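K.L.:
Below are the sequence and a predicted model for it; my questions follow.
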Amino acid sequence: MAAILIVEDDSPARAELVERLARSGHVVTIADGAVALERARETRAELAILDEAGYDGLELAAGIKAEGSGFAPVLLIVARPDPETRAQALAVVDDVVARPWAPIEVVARVQALLRTRAIVDELRRVRAEAEARSLADGVTGLRNRVFLVERLNEEYKRSLRYNEPLSLLLLGIEGLREASESRGAAFSDRLVAQVAHAAQRSLRQIDVLCRYGPGELAALLPSTHFAGSLVCADRLARELPSSGLDGFVPRVSMGLSFCPGKDVAEPADLLRIASRALDRARAEGPGNICLYQHQGYLYLPKLT
């Protein structure tokens, strides 16, 4: 069943066409050319049958296709069946039928176009699922580093456009190598997953948590300024020790960066500065939190 828009003058052929489509289970809307685009939006039309006469059928077809989501098939009814007219129409629409047309033929063409739409929709769904899997981390179920970079670019542009702050927090899980050597790689993976789940519980819904490296997570914090990022880091530092596994309690070091900032001129700078801050935090000892500003590095005491 599909929502079909028809822009065609009243005639016995149109009445028969509407009846045949309705019998096939389709929901049909008839509209005048002047309001057809609005009706297409309102009804979420999945296919349109347009008359080239009167209101410019090709212009309307282009408008419907531009506003439709995905593949929006259009069948155009033309007065002249010559090859040149068909070729011009097929540069915009998906099928053409010339007058006088038979309702039974138009219904068959509609069904063929809807089958094509179904195939295209399925291919889009499969592609979206494949892309989602390629951007997912198999251990934690979080998005991966590639997704983080894409989202960071988007949020950075939004931050500049609306003059809103943006912070980035990198979390380094300490002791993973020792855990892997003593208890196996599977245990190490479970530990990373535990820390990831604990971090998710401590973050807001708008925050973006990703797997950044083998022993690192990254949290992108939209609309979060300097003080807010420190509050978030402190909350994580208090929550993450509860993510221990089989008696092994992980220590987590953190590095923070934020914009606007003197040293941040592009999205990559947030990652670079947060990575350096994490390195400095780890150098001071497991469990430290380090924030970089242009004056230097600032530390929060590690929790005991």
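P.N.:
Sure thing, it's come through. Quick caveat, the model's predicted, so the values are computed rather than measured.
K.L.:
And the strand or helix carrying Q111, what's buried?
P.N.:
Taking DSSP states H and E as the criterion, Q111 maps to helix 103-134. Neighbour-count burial for helix 103-134 flags 103, 106-107, 109-110, 113-114, 117 (criterion: 16 or more other Cβ atoms under 10 Å). Any C-beta I mention is one placed from the backbone N, CA and C, and that applies to glycine too.
K.L.:
can you map out the helices along the protein?
P.N.:
For the chain, helices defined by DSSP state H occupy the ranges 12-23, 36-43, 57-67, 83-90, 103-134, 145-162, 176-183, 185-202, 226-239, 267-284.
K.L.:
mind giving me JSON lines with those helices and columns for mean pLDDT?
P.N.:
Shown next, in JSON lines, are those (pLDDT from 0 to 100):
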{"stretch": "helix 12-23", "mean pLDDT": "94"}
{"stretch": "helix 36-43", "mean pLDDT": "87"}
{"stretch": "helix 57-67", "mean pLDDT": "85"}
{"stretch": "helix 83-90", "mean pLDDT": "89"}
{"stretch": "helix 103-134", "mean pLDDT": "86"}
{"stretch": "helix 145-162", "mean pLDDT": "92"}
{"stretch": "helix 176-183", "mean pLDDT": "84"}
{"stretch": "helix 185-202", "mean pLDDT": "89"}
{"stretch": "helix 226-239", "mean pLDDT": "86"}
{"stretch": "helix 267-284", "mean pLDDT": "91"}
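K.L.:
Out of the ones you listed, flag the one nearest A3.
P.N.:
With Cβ to Cβ as the measure, helix 36-43 is the member of the helices of the chain nearest A3 (5.1 Å).
K.L.:
List the buried residues in the closest one.
P.N.:
Within helix 36-43, the residues scored as buried using 16+ other Cβ under 10 Å are 36-37, 39-40.
K.L.:
of all those, which two lie farthest apart?
P.N.:
The largest separation in the buried residues of helix 36-43, counting by Cβ to Cβ, is between L37 and R39 at 7.4 Å.
K.L.:
Please tell me how far the helix holding Q111 is from the chain's geometric centre.
P.N.:
Taking Cα atoms, centre = their mean, to the nearest Å, one finds the center of helix 103-134 at 21 Å from the center of the full chain.
K.L.:
what helices or strands is that helix leaning on?
P.N.:
Applying 3 or more Cβ pairs under 8 Å, 6 or more residues apart in numbering; DSSP states H and E, one finds that helix 103-134 makes contact with helix 12-23, strand 47-51, strand 74-78, strand 95-98.
K.L.:
out of those, deepest packed?
P.N.:
Highest mean neighbour count among the helices and strands packed on helix 103-134 (mean count of other Cβ atoms under 10 Å): strand 47-51, with a mean of 26.
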